[in-house]
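S.K.: pasting the sequence and the predicted model now:
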Amino acid sequence: TPLELASRRERLELYRNQRVYRLPITVAEPPQPSAKERVSRVEEMLRTGNYGGAMALLEEAIRHTVTPPASALIALAWLLATCPDDAHRDGARAVTLARKALAQGGGAGARDALAAALAETADFPGAVEAAQLALDLTSPDDTGEITRRRTRLEHYRNAGVWRLPPAKVATPAPRTSFR
């Protein structure tokens, strides 16, 4: 094409004049979703019962960073400990992830996830202790979270585990006409 010929001529002229001609090299990295976008995608997957997809997205967020964000560690630990689908629960791994989040200063959320993970592994005294610490660290203004954490604490005191509610998957309405 004429544009390519002009470009070749320009390069030839630059070489003849002993100038260095360098082509700009750009490597386009695919855009990574923001933390907010990932959280939104995870929440949507959980609403539709795609627990494996939600876990994979959280695993990706953890794997692609040198220091995984505490929020991703907490979310994955919580899901591994409380998933309503037995096939996706892994209490021992949830304990490990929650402890990593605590080491990063994860606060009440990390303690809450650790409590659920310890209950999943049948360490109810540990679960009660972690849940009580999570409750103590909760802001007094956050009455909804205080209520939820108290409820979970009572479950652990009664040697119970905590489960997320099952996903509400929309089912098509039955057909009433066959026309």
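M.R.: Here it is on my side, so go on. Numbers count the residues shown, from 1 in each chain.
S.K.: pull out the buried positions in the one helix or strand residue 56 maps to.
M.R.: Taking DSSP states H and E as the criterion, residue 56 maps to helix 51-63. Across helix 51-63, burial judged by 16 or more other Cβ atoms under 10 Å covers 51, 54, 55, 57, 58, 61, 62. (C-beta placed from N, C-alpha, C; glycine too.)
S.K.: show me what whichever helix or strand comes after it is packed against.
M.R.: Downstream of helix 51-63, the first helix or strand assigned by DSSP H and E is helix 70-82. If you count contacts as 3 or more Cβ pairs under 8 Å, 6 or more residues apart in numbering; DSSP states H and E, helix 70-82 packs onto helix 35-47, helix 51-63, helix 91-103, helix 107-120.
S.K.: repeat that with 7 Å
M.R.: Packed against helix 70-82 by the contact rule (3 or more Cβ pairs under 7 Å, 6 or more residues apart in numbering; DSSP states H and E) you find helix 51-63, helix 91-103, helix 107-120.
S.K.: tell me the angle of that helix relative to helix 35-47?
M.R.: Here the directions of helix 70-82 and helix 35-47 differ by 10 degrees (axes from the mean of the first three to the mean of the last three Cα atoms, to 10 degrees).
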